[in-house]
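Visitor: Structure, please.
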Amino acid sequence: PRSTPLYSSAASDVYKRQIMDLNRRKFIKDASLVSAGIFTGVSASSNAMSAKSYKRILGSNDRLNVGIVGFSSRAKGSLIPAFQNHAKKQNCEIIGVSDIWNKRRDDGKAFLEDKTGNSITTWRNNEEMYDKNEIDAVIISTADFQHALHTVEAANAKKDVYVEKPFAETMEDARLGKKAANDAGIILQVGSQRRSGKNYHAADKYMKSGAFGDVVMVEMTWNVNQPGRWRVYPNKVKDIKESDVDWKRYLMNRPYQKWDPRKYLEYRLFWPLSSGIPGQWMAHQIDTVHWFSDLAHPRSVAANGGIYLWKDGRTNFDTMTAVFDYGPLNDPTTGFQVVYSSRFTNSAGGTKEIYYSNGGELNMKTNKVTPNGGLSERYSSAMDMKPNQLKEFSLSEIDTKVVTSANTGVDNMTSNHMLNWLECVRSREKTNAPVEAGYNHSIANIMTTASMRTGLKATFDEVNQEVLAGGKVFKY
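Guide: Numbers count the residues shown, from 1 in each chain. Predicted coordinates:
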């Protein structure tokens, strides 16, 4: 597939040359293997797997070698520990870390050698990592806007992928990432770890049984009171220098701008390097709507917000509210509404996800189904209707299976999610959160961003797979 969108910026041109060079080297290497009678694969656009991957399908105990793409705080605090929970049983190990910042390369090497007891290789960039061809899979935990493009790189190198969410912040990147992953036939897990939570699987099973009834409304919040959210200590911003990183490589296909250490370290505060709240938090929650309802994306989104309190130079909002309309595209008379709100300025209400039907609610914070708000006898009898009251029970009472191996740990969902990916890499089965899940939450995120930044209602063009704001294609 074409590996990068065609932007006119200097950063985009640099990124295109990097990808073209990577593909050229891979072509030369594959051609040499063919001439030697060793290579048994077919074209890069097919779903054929390497001989090593095929061997695993037959039950081989080959060790799975994994590379870390981006030694971020998320990788250090959650993803690597989750991986290590299963490394021995799944016969896999992290052998190296790729990062364009020299300090993170060194920190990653020291951290991983301490945790694994292995000698860890460092790569200055992903091209160098893939050119060595020592790995079978990668865990991608880089800046938000890089996830889909780093997936393209991995897919072109035929490496399986665990990639953090949000999958993409523009539709162009989302389309590229999805196509590359599907064309290459790689096993991909998007880091939407709710999809490996036992309570969420129970909720999905219950919703699809029909017992809940039609969803009529969903309320979601994610509130904190954290002025330093996504900020870093001032001395870290002061100490990092442009010479320590590869700034043009960092920007990839985003419009070129001069070096800014805050935009490197605090990218979540700045559009178009991140959408902020939609990509970081809403992506998790809105994904469950798609999962439970089997709807790919909203029909429309109306959203607004602002920087109401934390005026520190950020361009992403500290407060936002979005209203989604969901339902069948061919029947606008049916469906339901989702209201999502989030703020950094007051933590009251915390995090919640509540699904409502005419008979009650399913509350993912309490993990209970209750008749709360359901149609009572008092009001039903006046309309010659029967009362509609759900039976109260806990989601833990529903028998459901999330992964094939037991797991214990503090962060069960992330650990289970990692295990599901590792097992699927072996079996070549679809993961709990395949690329389509990431593509669909990206549509909802981008629609929200489009509405917030234009003040117009956002819709989706199914034919061209584009987000529209006021009927026009949304571009940053």
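Visitor: quick one: contacts for the residue nearest the centre of the chain?
Guide: The chain has residue 165 as the residue nearest its centroid, 1.9 Å off, counting by C-alpha atoms, centre = their mean. Residue 165 makes contact with 147, 190-192, 279, 283-284, 287, 438, 441 under the criterion C-beta atoms under 8 Å, 6 or more residues apart in numbering. Backbone N, C-alpha and C define where each C-beta goes, glycine included.
Visitor: how near is it to residue 417?
Guide: Computed as C-beta to C-beta, to the nearest Å, the residue 165 to residue 417 distance reads 11 Å.
Visitor: ranges for the helices of the stretch 301-450 of the chain?
Guide: Here the stretch 301-450 of the chain has its helices, by DSSP state H, counting those that start in this stretch, at 377-381, 412-427, 435-454.
Visitor: One more: the stretch 51-200 of the chain?
Guide: Using DSSP H, counting those that start in this stretch, the helices of the stretch 51-200 of the chain run over 51-57, 73-74, 80-90, 102-116, 126-132, 147-156, 171-184, 198-209.
Visitor: buried residues in the fifth one?
Guide: Residues of helix 126-132 classed as buried: 126-127, 129-131 (neighbour count, 16 or more other C-beta atoms under 10 Å).
Visitor: just the last one next, same as before
Guide: Using 16+ other C-beta under 10 Å as the test for burial, helix 198-209 gives 198-207.
Visitor: Just say which of the helices of the stretch 301-450 of the chain is most tucked in.
Guide: Ranked by mean neighbour count, the helices of the stretch 301-450 of the chain are led by helix 435-454 with a mean of 26 (mean count of other C-beta atoms under 10 Å).
Visitor: how distant is that helix from the center of its chain?
Guide: Distance of helix 435-454 from the chain centroid (C-alpha atoms, centre = their mean, to the nearest Å) equals 12 Å.
Visitor: I'd like to know the average pLDDT value across that helix.
Guide: For helix 435-454, the mean pLDDT works out to 98.
Visitor: just stretch 103-111 next, same as before
Guide: 97.
Visitor: can you list the residues that contact it?
Guide: 68, 70-72, 75-76, 80, 97-99, 120, 122-124, 240, 244.
Visitor: what does stretch 371-387 give?
Guide: So stretch 371-387 is contacted by 356-361, 388-392 (C-beta under 8 Å, 6+ apart).
Visitor: Write the ChimeraX selection for whichever of those residues are buried.
Guide: Of these, the buried ones go into a single ChimeraX selection, burial set by 16+ other C-beta under 10 Å:
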select :356,357,358,359,360,361,388,389,390
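Visitor: Output the contacts of stretch 371-387 as JSON lines; include the columns distance to residue 254 and pLDDT.
Guide: Shown next, in JSON lines, are the contacts of stretch 371-387 (distance: C-beta to C-beta, whole Å; pLDDT from 0 to 100):
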{"residue": "356", "distance to residue 254": "40", "pLDDT": "98"}
{"residue": "357", "distance to residue 254": "43", "pLDDT": "98"}
{"residue": "358", "distance to residue 254": "46", "pLDDT": "96"}
{"residue": "359", "distance to residue 254": "47", "pLDDT": "97"}
{"residue": "360", "distance to residue 254": "46", "pLDDT": "98"}
{"residue": "361", "distance to residue 254": "41", "pLDDT": "98"}
{"residue": "388", "distance to residue 254": "51", "pLDDT": "90"}
{"residue": "389", "distance to residue 254": "52", "pLDDT": "95"}
{"residue": "390", "distance to residue 254": "48", "pLDDT": "97"}
{"residue": "391", "distance to residue 254": "51", "pLDDT": "95"}
{"residue": "392", "distance to residue 254": "50", "pLDDT": "96"}
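Visitor: ok, residue 300 touching residue 467?
Guide: No: using C-beta atoms under 8 Å, residue 300 makes no contact with residue 467, being 10.8 Å away.
Visitor: Quick check on those two: which one has the bigger neighbour count.
Guide: residue 467 (28 against 16; other C-beta atoms under 10 Å).
Visitor: which neighbours does the helix or strand encompassing the more buried one have in its sheet, and in what orientation?
Guide: Using DSSP states H and E, residue 467 sits in strand 466-469. Sheet partners assigned to strand 466-469 using DSSP bridges are listed as strand 458-461 (antiparallel), strand 472-473 (antiparallel).
Visitor: Return the most buried member of the ones you listed.
Guide: For these, where neighbours mean mean count of other C-beta under 10 Å, the stretch averaging the most is strand 458-461, with a mean of 20.
Visitor: contact partners of it?
Guide: Residues outside strand 458-461 that contact it (C-beta under 8 Å, 6+ apart) are 297-303, 443, 447-448, 450-451, 466-469, 471, 473-474.
Visitor: related to what we said a few turns ago, in JSON lines: the buried residues of helix 126-132, plus pLDDT.
Guide: Listed next are those as JSON lines, based on pLDDT from 0 to 100:
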{"residue": "126", "pLDDT": "97"}
{"residue": "127", "pLDDT": "96"}
{"residue": "129", "pLDDT": "97"}
{"residue": "130", "pLDDT": "97"}
{"residue": "131", "pLDDT": "94"}
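Visitor: and which of these is nearest to residue 224?
Guide: residue 126 (32.8 Å; C-beta to C-beta).
Visitor: separation between that closest one and residue 140?
Guide: 9 Å.
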